[in-house]
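Engineer: Pasted the sequence and its predicted model underneath.
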Amino acid sequence: MKRIPRIIIAGTHSGCGKTTIATGLMGALAARGLVVQPFKVGPDFIDPTHHTEICGRSSRNLDPFMMGKEEVLRTFISASEGADITVIEGVMGLHDGVDGTGESSTADVARILSCPVILTCDVKGMSRSVHAMILGYTTYDPAVSFAGVIYNRGGSDRHREMIGSAGKLQSLGWIPRRDELRVKSRHLGLTMAGEGEGLRESRRIVEECCDIEGIIQAASAAPPLRQRVDDENETEMRVRIGVAMDAAFCFYYTENFTKLRRAGADLTFFSSIADPLPDVDALYLGGGYPELHAAALEASPCREEIQKAADNGLPIFGECGGLVYLSRSLKTEEGSFAGVGAIPGDSEMKSRFQALGYVDGAVTGDCTLLPPDLRFRGHEFHYSALYPDRGCRYAFTLKRGTGIMDGKDGIVEGNTIAGYTHVYFTRRFADAFVAMATRRQSE
């Protein structure tokens, strides 16, 4: 059994302020000299960048649908090693999960980790009624344990008095409405870490308005966890995989990197905008915002270097933004820009999202680059559309998800595979990726 002080910052609904409170709490705890390990419930890429910047430790996703319950527990325990306290930011409303169920909800993760919950309540426009709402949340699922409530977007002292202290949960904070806490967004969510000032104010507000000692005590009261023996030891590094990591490509699951390293990959990070293509045995292009940097990507010598490498058989795996970049061209409001051209098709940005949700798929039988019985799960969220040439081959068939078209994803061209799915790597998927690079190395 392992004792890990931990707390989940949950919300009654999306937009109630849990991101501000979670990031502010992380900053306040770190300022006290505590080593803070951050987590994010769900498949989100953007909030974890803020967590990582604040805590100095890579934020990890906790998503039972993509990972499975045992993997959630294993990841949490492994990532928390050496931390004094962990803070988990929830997703949407506390009980909101897959397809209207509780699966992969914040409450689901709270149950798996036996983690106390602090409920964030937006009290704008209500007073005593908030206690009825809280009562509903705290009694809906008896398996979820609550440590307290933080009232957000409060008004005057009179408003606070009207709400009173007659509620079931201990009050751990009262945060008044403040314009400086607003965080800018773009089409895929909040701006990335370092791009805005709103979250920089969250630490000061949480320190001023919340009971930090009470929160630490609640986290420390969490029960010990069953520690699973981790048999996934790292193997000897035998291949080099290049990973594009910059303003254009920054959406990756940290655990994917961990699994690639355990499978024997030495990861080389580079900028597709500013750096030449490194000497590697395979290439991993994740999601991000290539549309915001289309001109710079087109002008970078790296684009033509990747094109030549693809023509020469370098294994390349692209996801979402990586797919867009690997296509022949990208059309945006600013014009049309050349892509790598490794994928036979053209991309175009749209005014509304083209797909959003979880993905459940498998490798198709005619894909020789990956094992034909390989199953995977992941997530898709994009505003672009890809128009592939006729006769394209697809690596993935999706029983859940949109993909590129008609439940098909992962166009295969030579040794390149690129699709819209952000795959959460299983151990087998990482092994298969490294095997692709190993075959290339031996040629």
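Structural biologist: Looks like it arrived, so ask away. Residues are numbered from 1 along each chain as shown.
Engineer: Count the residues that sit near the closest residue to residue 249 other than its chain neighbours.
Structural biologist: Using C-beta to C-beta, 6 or more residues apart in numbering and skipping the chain neighbours, the partner closest in space to residue 249 is residue 288 (4.2 Å). Using the backbone N, CA and C atoms, a C-beta is placed for each residue, glycine as well. Number of residues near residue 288 (other C-beta atoms under 10 Å) recorded here: 27.
Engineer: dump the residue contacts of residue 288.
Structural biologist: Residue 288 makes contact with 247-251, 320-321, according to C-beta atoms under 8 Å, 6 or more residues apart in numbering.
Engineer: Could you export those residues as TSV, including distance to residue 283, neighbour count and pLDDT?
Structural biologist: As requested, those are exported to TSV (distance: C-beta to C-beta, whole Å; neighbours: other C-beta atoms under 10 Å; pLDDT from 0 to 100):
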residue	distance to residue 283	neighbour count	pLDDT
247	18	18	95
248	14	26	97
249	11	28	98
250	16	18	95
251	16	23	97
320	15	28	98
321	14	29	98
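Engineer: Now, the residues you listed that are in strands?
Structural biologist: 249-251 (DSSP state E).
Engineer: Can you tell me how far the residue nearest to residue 249 is from residue 322?
Structural biologist: Separation of residue 288 from residue 322 (C-beta to C-beta, to the nearest Å): 8 Å.
Engineer: joint contacts of the two?
Structural biologist: Joint contacts of residue 288 and residue 322 (C-beta under 8 Å, 6+ apart) are residue 249.
Engineer: For residue 246, give me its contacts.
Structural biologist: 271-274.
Engineer: Equivalent analysis for residue 66, please.
Structural biologist: 43, 104, 358, 377-379, 424.
Engineer: Report the mean confidence score over the helix or strand where it lies.
Structural biologist: Secondary structure from DSSP states H and E places residue 66 in helix 64-67. Confidence for helix 64-67, expressed as mean pLDDT, is 98.
Engineer: now stretch 204-214
Structural biologist: 96.
Engineer: mind listing the helices for this structure?
Structural biologist: For the chain, applying DSSP state H gives helices covering 18-31, 46-55, 64-67, 69-79, 106-112, 129-140, 157-163, 202-209, 212-220, 254-262, 294-299, 301-311, 321-326, 427-442.
Engineer: where in the chain is pLDDT low?
Structural biologist: 165-166, 179-200, 228-234 (pLDDT under 70).
Engineer: what's the domain layout of it?
Structural biologist: Per automatic domain parsing, the domain ranges recorded for the chain read 6-220, 239-442.
Engineer: want to try JSON lines for those domains, with distance to residue 227 as columns?
Structural biologist: Formatted as JSON lines, the domains of the chain follow (distance: least, C-beta to C-beta, whole Å):
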{"stretch": "domain 6-220", "distance to residue 227": "6"}
{"stretch": "domain 239-442", "distance to residue 227": "18"}
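Engineer: out of those domains, nearest to residue 226?
Structural biologist: domain 6-220 (7.5 Å; C-beta to C-beta).
Engineer: Next, the distance between the ends of that closest one.
Structural biologist: 7 Å (C-alpha to C-alpha, to the nearest Å).
Engineer: likewise stretch 348-359?
Structural biologist: Span of stretch 348-359 from end to end, C-alpha to C-alpha: 22 Å.
Engineer: Would you indicate which residues of it are buried?
Structural biologist: Neighbour-count burial for stretch 348-359, counted by 16 or more other C-beta atoms under 10 Å, picks out 348-349, 354-355, 358-359.
Engineer: From those, pick the one nearest residue 7.
Structural biologist: For the buried residues of stretch 348-359, the nearest to residue 7 is residue 358 (26.2 Å; C-beta to C-beta).
Engineer: roughly how far apart are that closest one and residue 441?
Structural biologist: 34 Å.
Engineer: any chance of the ones in strands among the contacts of residue 288 in a markdown table, plus distance to residue 72?
Structural biologist: Compiled in a markdown table, those are given as follows (distance: C-beta to C-beta, whole Å):
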| residue | distance to residue 72 |
| --- | --- |
| 249 | 26 |
| 250 | 24 |
| 251 | 20 |
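Engineer: Pick the one among those residues closest to residue 61.
Structural biologist: For the ones in strands among the contacts of residue 288, the nearest to residue 61 is residue 251 (11.2 Å; C-beta to C-beta).
Engineer: got the contact list for the residue lying closest to the closest one once chain neighbours are set aside?
Structural biologist: In space, and not counting its chain neighbours, residue 251 is closest to residue 287: 3.5 Å by C-beta to C-beta, 6+ apart. By C-beta under 8 Å, 6+ apart, the contact list for residue 287 reads 45, 249-252, 319-322, 382, 422.
Engineer: what do you get if the cut-off is 10 Å, keeping everything else the same?
Structural biologist: 45, 188, 248-252, 318-324, 379-382, 420-422 (C-beta atoms under 10 Å, 6 or more residues apart in numbering).
Engineer: could you measure the residue of the chain positioned farthest from its centre against residue 372, distance?
Structural biologist: Ranked by distance from the centre of the chain (C-alpha atoms, centre = their mean), the top residue is residue 158, with 39.7 Å. Counting by C-beta to C-beta, the separation of residue 158 from residue 372 is 67 Å.
Engineer: One more: residue 211?
Structural biologist: Distance from residue 211 to residue 372, by C-beta to C-beta: 55 Å.
Engineer: neighbour count winner among those two?
Structural biologist: residue 211 (16 against 11).
Engineer: and the more buried one, what is it in contact with?
Structural biologist: 148, 150, 170-174, 217-218.
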